[in-house]
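K.L.:
model this:
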Amino acid sequence: MKDIFELANSLQNANFKDEHTVRGVIRKVSQIANKPVSREMENKIVDSIVKDGKQLDFNQISKMLNKK
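P.N.:
Down below sits the predicted model:
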C-alpha cells in the first residue's frame, strides 16, 4: 500500500510530455501490479501518452495491458 501512495504522490507534478517520466511510471505500475509489460507494449503506451497527446488514463492503460 505504501508503494501506491508513493506513486500517487509522484504523479502529482510529473511531466507526462517527457518520455523518460512516462516510462518510469509504466514500470512502477507494472511492478506494483506484478504484471510484466513487454517493451512493445511499453512503447505503445508511451506513444499514446507522449506522442499522441492523450491524457494518462489508468483505465485505458489497464485495458492495453490486459490485451496482452
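
K.L.:
what helix or strand does the most centrally placed residue in the chain sit in?
P.N.:
The chain has Ile26 as the residue nearest its centroid, 3.0 Å off, counting by CA atoms, centre = their mean. Ile26 belongs to helix 19-33 when assigned by DSSP states H and E.

K.L.:
Point out the other helices and strands that that helix packs with.
P.N.:
The contact analysis (3 or more CB pairs under 8 Å, 6 or more residues apart in numbering; DSSP states H and E) places helix 19-33 against helix 2-11, helix 39-46, helix 58-66. Any C-beta I mention is one placed from the backbone N, CA and C, and that applies to glycine too.

K.L.:
got the buried residues for the second one?
P.N.:
For helix 39-46, the buried set under the neighbour-count rule, 16 or more other CB atoms under 10 Å, comprises Met41, Ile45, Val46.

K.L.:
Please export the C-alpha coordinates of it as CSV.
P.N.:
Output of helix 39-46 as CSV, limited to C-alpha atoms (Å, rounded to 0.1, in the frame of the first residue of the first chain):
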residue,chain,number,x,y,z
ARG,A,39,9.0,-3.4,-24.4
GLU,A,40,6.5,-3.4,-27.3
MET,A,41,3.5,-2.7,-25.0
GLU,A,42,5.6,-0.1,-23.1
ASN,A,43,6.3,1.7,-26.4
LYS,A,44,2.6,1.7,-27.4
ILE,A,45,1.6,3.2,-24.0
VAL,A,46,4.4,5.8,-24.3
